[in-house]
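Trainee: From the sequence below, what's the structure:
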Amino acid sequence: MDEIKNSLWVEKYRPSTLDSYIGNEHLRSKVKLYIESGDLPHLLLYGRAGTGKTTLAKLLVNNIDCDYLYISASDENSVDVVRDKVKNFASTLGFAEMKVIILDECDYITPNAQAALRNLMETFSKHCRFILTCNFVERIIDPLQSRCQVFEIIPPSKKDVAVHLTKVMELEKTTYDNEDLKVLIDSSYPDVRKIINATQRSVVDNKVVMDKQSTIQNDYKLKVLDILKTQDKKTAFSNLRQLLADNAIRDYSDCFRLLYDNVDEFAAGNMAAVILILARYEQSDMQVVDKEINFMAMLIELLGVIK
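Mentor: This next block holds a predicted model:
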């Protein structure tokens, strides 16, 4: 498992110091203070997927004298798991005076498990700190939020992502075309993790190679998003239908995710209804024979809601 992780660029080049961390300039003074003092409060870091929440949490524990426990709440989210793992770690003697528990993706934890976690935070607050991360802060119960300093993790700019990605490729002795790099970043931004993974998958003989299908796949997703954002209902319908007809798309799954991640850009006034539509059609996408018809049907329904 360690060998696999070390071979993944996203893990191999995960920033481990404040100087190497990209974006979130508004948090640097706070993070620097925590590191210099060797102490920190309970933290709740929230923001979009792949934008640096887990990286910042791990950066903190690796630069402070502490023992730490990492729990992925997307995999372990029951009351018993949270209570037992946290309690066992927090109540035993360690090598350092302070202990830190990183609870990643804690918006997966049920309200009952969150209530149990709040009680544990109070019980062990003298020597144990909690760093919680989540995509959706509104899913975290108020009593838990009130015990943490809450920070929004803002996606780094595309320029910062490009600089980081080019440094990674230089270290890997990988060559690339600037246009291919732009397509890779645009197709998955602001999810930096997904961008890095997609870039690594595109490498052949130490060169980023974008095959025709990959280029089409990335290009059509951005065009779908742009049409939904900028065109009136009648024009959008015509152009979306033509776009799907012109491109032989094998897999629409990434587009569902792109629309979900950017829902605030094209449906700010009706986000809840749009998310429910996306969820319903993503589920049917796995069952239908003709995925193009299913995807077009979803776009028609979206146009009826947002236009």
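Trainee: Other residues contacting stretch 269-276?
Mentor: For stretch 269-276, contacts defined as Cβ atoms under 8 Å, 6 or more residues apart in numbering pick out 259, 260, 263, 264, 267, 302, 305, 306. Backbone N, C-alpha and C define where each C-beta goes, glycine included.
Trainee: now do stretch 167-180
Mentor: 9, 13, 166, 196, 199, 202, 203, 206, 207, 208, 210.
Trainee: Name the residues of that stretch that are buried.
Mentor: By neighbour count with 16 or more other Cβ atoms under 10 Å, stretch 167-180 contains the buried residues 168, 169, 174, 176, 180.
Trainee: and if you look at stretch 253-269?
Mentor: Result for stretch 253-269 [16+ other Cβ under 10 Å]: buried residues 254, 255, 256, 257, 258, 259, 261, 262, 263, 266, 267.
Trainee: So which residues of this structure form strands?
Mentor: Along the chain, counting by DSSP state E, strands occupy 43-46, 66-72, 98-104, 128-134, 149-152.
Trainee: Helices of the stretch 101-250 of the chain, residue ranges please.
Mentor: 111-123, 142-145, 158-171, 178-188, 192-201, 212-230, 233-246 (DSSP state H, counting those that start in this stretch).
Trainee: report the angle between the axes of the third one and helix 192-201?
Mentor: Which is helix 158-171. If you take axes from the mean of the first three to the mean of the last three Cα atoms, to 10 degrees, helix 158-171 sits at 40 degrees to helix 192-201.
Trainee: Next, the angle from helix 158-171 to helix 178-188.
Mentor: Angular relation of helix 158-171 and helix 178-188 on a 0 to 180 degree scale: 120 degrees, by the same axes, to 10 degrees.
Trainee: Report the mean per-residue pLDDT for helix 158-171.
Mentor: For helix 158-171, mean pLDDT rounds to 95.
Trainee: What of the fifth one?
Mentor: Averaged across helix 192-201, the pLDDT comes to 91.
Trainee: Pull out the buried positions in that helix.
Mentor: 192, 193, 194, 195, 196, 197, 198, 199, 200.
Trainee: So, low pLDDT: which residues of the chain?
Mentor: Counting by pLDDT under 70, the chain shows low-confidence ranges at 1-6, 77, 211-218, 248.
Trainee: care to break it down by domain?
Mentor: 24-152, 224-307 (automatic domain parsing).
Trainee: Dump those into JSON lines; add distance to residue 160 as well.
Mentor: Output for the domains of the chain, formatted as JSON lines (distance: least, Cβ to Cβ, whole Å):
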{"stretch": "domain 24-152", "distance to residue 160": "10"}
{"stretch": "domain 224-307", "distance to residue 160": "18"}
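Trainee: any idea how far residue 11 is from residue 155?
Mentor: Using Cβ to Cβ, to the nearest Å, residue 155 is found at 20 Å from residue 11.
Trainee: Looking only at neighbour counts, state which of these two leads.
Mentor: residue 155 (21 against 13; other Cβ atoms under 10 Å).
Trainee: surely the more buried one meets residue 49?
Mentor: No: using Cβ atoms under 8 Å, residue 155 makes no contact with residue 49, being 9.9 Å away.
Trainee: The residue nearest to the spatial centre of the chain: what's it in contact with?
Mentor: Nearest to the mean C-alpha position of the chain, by Cα atoms, centre = their mean, lies residue 49 at 1.3 Å. Residues counted as contacts of residue 49 (Cβ under 8 Å, 6+ apart) are 135, 191, 193, 194, 261.
Trainee: And these, which two are furthest apart?
Mentor: Spatial extent of those (Cβ to Cβ) is set by the pair 135 and 194 at 13.6 Å.
Trainee: Can you report how many residues neighbour the closest residue to residue 98 other than its chain neighbours?
Mentor: The shortest distance from residue 98 to any non-neighbouring residue, by Cβ to Cβ, 6 or more residues apart in numbering, is to residue 66 (4.4 Å). By other Cβ under 10 Å, the residues close to residue 66 number 21.
Trainee: and residue 66, how far is that from residue 131?
Mentor: 11 Å.
Trainee: between the two, what contacts are shared?
Mentor: With Cβ under 8 Å, 6+ apart, residue 66 and residue 131 have common neighbours residue 100.
Trainee: gap between residue 230 and residue 307?
Mentor: 11 Å.
Trainee: So which of the two has more stuff around it?
Mentor: residue 307 (15 against 10).
Trainee: Pull the contacting residues for the more buried one.
Mentor: Here residue 307 is in contact with 232, 233, 236 (Cβ under 8 Å, 6+ apart).
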